[in-house]
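Enquirer: 3D model of this:
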Amino acid sequence: MQSYSRECRKCRETEEKPIDRCTANGQFQTGLKPAKEKLPMKTKGTFAKTQRKSYTSPRRLIFTAIAVALVALMGACAPQVVEVERVVEKVVEVPATGPPELDYEGELVVMFDGGYMPPEGLTDAQRAAGETGNEYMAELIAQWEEMHPGIDVVPFGVPEAPPGAQTSLIWYMKTAIAAGQGPDLMRYYGSTGYDGAEGDRGLLVPLDAYFRQPNPYVTDGKAGSERWVDQWANGFDGILAQSKSLAGRYYSIPLETAAPSLIYYNKTALDELGLEFPSPRTNITVLVELLKELKAAGHETPMHLMCCSPAGNWDSLIFDHSIIEPKGLAEWRLDYKVSLSENVIEAEEFSRAIKQGLFAATDPEYKETLRLGKLWVPYVTEEWKIGAPVQLSDFLTGKVLIRMSGSWEAEAILGNPEVDFEVGVASGPVVGLVDSEYSMEEEPGPFVGGPAGAWVVNAAAVKRGTLEASVDFLQFLSANWGHAVKGRPGLVPVIKDVEPNVRPEVAEPAKAHIPTSVMRWSYADMVDAGAREEAFIILQEFYLDQITIDEAAERMQQVWEEWADRAIETNSTENGGSWDLSKW
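Expert: As a prediction, the model looks like this:
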């Protein structure tokens, strides 16, 4: 679909410039419909035009949806209008004080992904593929637009990255966002290494001050009515800590997480073999013994690992958090400044530990995590070993008996009518004293997940004048996230008092993975992108027997030291940062 720049959507609206300029500049990427000509309506709002609902209505109202089919040719458009009557339930209550008045009028361009794209934002290709969009998100957008009739929410799709790019979002952040383009709001990763790093580079707006202000959409007495941050369990010490930047700023609004490393298994096949899946905890060494028995019974590669490569950091998390994290919390802490994240190892503390010899990859504790990580390699599918996609269909058809994945796949597995075996669900692997003498937890819990994406505000919103509207929209979403998740099963909200939309079979095992206060740590989420890529190569070579454990440890130490040097140079007080090296 043809995309348009912010300027030419504006000029089409005001008709101050020739319409043929509307096809000249593709400043915004995929997912945008061509701008509509102004329709003779009393209120503004892209979604309000099609799904208008009054937030003052006590019950429900009937409204008319205007569906516009655009025939976009170079320099000319011919809209056709179809009226559709629809009944809509009132979505949310608004505090008696009403929504805040915003000075801005115009378009608020918002990137939707992960199943939250409203129907209006779908491309023709997505519709042809059977996607229907998230009606619940569309209802929230319509209500917010009703509150702010001068603002049009324009949906924006995730751009398609060129071949060789790490991910679409990372590529887009480093190109369009870095150039001052792109949507006002987008979804990113909610982590220090991504959101925090890009924010400290000046690409995102810090949200610290807003977190400490009331959320105007939360009723008095409820979490968030005094400080927005109170909507998250444990405030700054909870999941928000995972995105705190090296400079101590917060750029991300995480609204949900996933339960990672959940294990789905073919219970029917295990019963026929007289085997039981480890319960209530899945200790790594016990799981490996089960895999050995399955292989001996003729299942050559009985297990799928989540993600698509041994170079991923999720497997590292499983081992790091039970061995390295407790050591770091006990031995690496800096006490010269009060941390907002008492249960989190800060990047400054990790870099100090590396540079002062408090911790090294050549230490026996880290080498133990390498040994543990390699235990299940002989029993996982070849696709994982070479970095190729691991097909879910192999598990659904019984070819693979165990799949370590997450809550996001619950519906595809447990709700699939063609699966002809009983599926068991267990929480992910843990490392306790039964598995390793270096474990610092006798009864460990599985590692918890990070945000399943997080909202960030493009720094360009400041110059555009859309910053306050962007924050207001996010405050509205966080106050009403329980409605949005109705259209997205499998993920778990991290906002207080919001019920997760997950299948009951998954709900209990998933609880152990949800981040609330004690954050699970991995070096892979601490270092920058360059160090992460080098570390992943080292892991892959070690897992595939291309290098020894000692060689892997020595190379990893070099990667960490080089990262620490870069981090210190960037963040020391001598260079305008917050790391006071004299206090180390």
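Enquirer: for the residue nearest to Ala452 when sequence neighbours are not counted, give me the pLDDT.
Expert: Residue nearest to Ala452 in three dimensions, not counting chain neighbours: Ala258, with 4.6 Å by Cβ to Cβ, 6 or more residues apart in numbering. The C-beta positions use only the backbone N, C-alpha and C, and glycine is treated the same way. Looking at Ala258, its pLDDT is 74.
Enquirer: so Ala258 sits against Arg488, correct?
Expert: No - if you go by Cβ atoms under 8 Å, Ala258 and Arg488 don't touch, sitting 10.9 Å apart.
Enquirer: what's the spacing between Ala416 and Glu383?
Expert: Let me fix one detail, which is that residue 416 is Asn and not Ala. 21 Å (Cβ to Cβ, to the nearest Å).
Enquirer: what is the mean pLDDT for the longest helix along the chain?
Expert: Scanning the chain for the longest helix, with DSSP state H as the assignment, gives helix 549-571. Averaged across helix 549-571, pLDDT comes to 95.
Enquirer: shaky segments in this protein?
Expert: 1-98, 114, 260, 306-318, 337-344, 386-387, 389, 441-449, 510-525 (pLDDT under 70).
Enquirer: from the centroid of it, which residue is nearest?
Expert: Gly453 (1.6 Å; Cα atoms, centre = their mean).
Enquirer: show the contacting residues for the closest residue to it other than its chain neighbours.
Expert: Using Cβ to Cβ, 6+ apart and skipping residues adjacent in sequence, the residue nearest Gly453 is Arg187, 4.6 Å away. Arg187 is in contact with Met111, Phe112, Asp113, Gly114, Val158, Leu169, Gly453, Ala454, Trp455, Val456, counting by Cβ atoms under 8 Å, 6 or more residues apart in numbering.
Enquirer: can you get me the start-to-end distance on stretch 210-221?
Expert: 19 Å (Cα to Cα, to the nearest Å).
Enquirer: do the same with stretch 477-491
Expert: Stretch 477-491: ends 16 Å apart by Cα to Cα.
Enquirer: and stretch 202-212, by the same measure?
Expert: Termini of stretch 202-212 sit 21 Å apart (Cα to Cα).
Enquirer: now do the contacts for Asp103.
Expert: Residues in contact with Asp103, defined by Cβ under 8 Å, 6+ apart, are Gly465, Glu468.
Enquirer: report the secondary structure state of it.
Expert: coil (DSSP: H, G, I helix; E, B strand; the rest coil).
Enquirer: quick one: it from Leu185, how far?
Expert: Distance from Asp103 to Leu185, by Cβ to Cβ: 18 Å.
Enquirer: neighbours around Pro163, how many?
Expert: Using other Cβ atoms under 10 Å, Pro163 has 4 neighbouring residues.
Enquirer: gap between the nearest residue to Lys222 once chain neighbours are set aside and Ser478?
Expert: Nearest residue to Lys222 in three dimensions, chain neighbours excluded: Asp497, at 7.5 Å (Cβ to Cβ, 6+ apart). For Asp497, the distance to Ser478 equals 11 Å [Cβ to Cβ].
Enquirer: do the same with His304
Expert: 34 Å.
Enquirer: hang on, the earlier thing: among the contacts of Arg187, which lie within strands?
Expert: Met111, Ala454, Trp455, Val456 (DSSP state E).
Enquirer: of all those, which two lie farthest apart?
Expert: Met111 and Ala454 (12.0 Å; Cβ to Cβ).
Enquirer: returning to what we had before: can you list the contacts of Arg187 in CSV and add distance to Ala535?
Expert: Listed next are the contacts of Arg187 as CSV, based on distance: Cβ to Cβ, whole Å:
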residue, distance to Ala535
Met111, 29
Phe112, 32
Asp113, 27
Gly114, 27
Val158, 27
Leu169, 21
Gly453, 23
Ala454, 23
Trp455, 28
Val456, 25
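Enquirer: list just the nearest of the residues you listed to Leu270.
Expert: For these, the nearest to Leu270 is Gly114 (32.8 Å; Cβ to Cβ).
Enquirer: Pro302: neighbour count?
Expert: Once other Cβ under 10 Å is used to define contacts, Pro302 is seen to have 24 neighbours.
Enquirer: hmm, Leu291 and it touching each other?
Expert: Yes - contact criterion Cβ under 8 Å: Pro302 and Leu291 qualify, at 5.7 Å.
Enquirer: which neighbours do these two have in common?
Expert: Tyr379, Ile402.
Enquirer: how about the contacts made by Tyr189?
Expert: Per Cβ under 8 Å, 6+ apart, neighbours of Tyr189: Leu169, Asp195, Gly450, Pro451, Gly453, Ala454.
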